[in-house]
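K.L.:
Show me the folded form of this:
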Amino acid sequence: MSQSSTSWNGDIGTRYERLAAEYAKLRAQATVLKKGVLEERAKNDKLTEELKSAESVTRKIRTENESLTFRNEQLLKRVQSVQDEVEESKRCTGTKKKEKRKGLESEREKQLETSLAILEEELKNKLIQNEK
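P.N.:
You can find the predicted model right below:
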């Protein structure tokens, strides 16, 4: 039995050494993996924060864009309204000028007719005086 117990002890010793070496190796890998996991978590957290920040900025810009678009539409409508008013005013002014011209022309015609009537009467009076 002494030979078999020696070989048995030798196998156990070899196995123990192998297991110890494997354990040390796995332990070193676990430390590296833990570091890697922590680094990746930190990166993930950082990227998550950046994403939230970017989404916030995007929302803010979209809101501002919508507001500016709305104000732009209002201004366009107001400018169009003012342009229409100006055109209408020009049309009315043009019509009023024509009416004023017509009014002035009719007044001039009346004055001319009156002057002509006076001149005709004066001419008749002179003719009557000359006959006498």
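
K.L.:
what about Glu107, neighbour count?
P.N.:
By the criterion of other C-beta atoms under 10 Å, Glu107 has 10 neighbours. Backbone N, C-alpha and C define where each C-beta goes, glycine included.

K.L.:
what mean pLDDT would you report for whichever strand or helix holds it?
P.N.:
For Glu107, the host element (DSSP states H and E) is helix 2-131. For helix 2-131, mean pLDDT rounds to 85.

K.L.:
which other helices and strands contact that helix?
P.N.:
Using 3 or more C-beta pairs under 8 Å, 6 or more residues apart in numbering; DSSP states H and E, no helix or strand is in contact with helix 2-131.

K.L.:
Find the centremost residue of the chain, please.
P.N.:
Asn65 (3.2 Å; C-alpha atoms, centre = their mean).

K.L.:
Would you check how far apart it and Thr58 are?
P.N.:
Using C-beta to C-beta, to the nearest Å, one gets 10 Å for the distance from Asn65 to Thr58.

K.L.:
ok, now Glu109?
P.N.:
In terms of C-beta to C-beta, Glu109 sits 75 Å off from Thr58.

K.L.:
Pull up the gap between Leu127 and Glu113, please.
P.N.:
Distance, Leu127 to Glu113, using C-beta to C-beta: 21 Å.

K.L.:
got it, and Lys46?
P.N.:
98 Å.

K.L.:
Repeat that for Ala21.
P.N.:
To Glu113, Ala21 is 134 Å away according to C-beta to C-beta.

K.L.:
ditto for Tyr23
P.N.:
Distance from Tyr23 to Glu113, by C-beta to C-beta: 131 Å.

K.L.:
cool, Glu50 as well?
P.N.:
92 Å.

K.L.:
now do Gln129
P.N.:
With C-beta to C-beta as the criterion, Gln129 and Glu113 are 24 Å apart.
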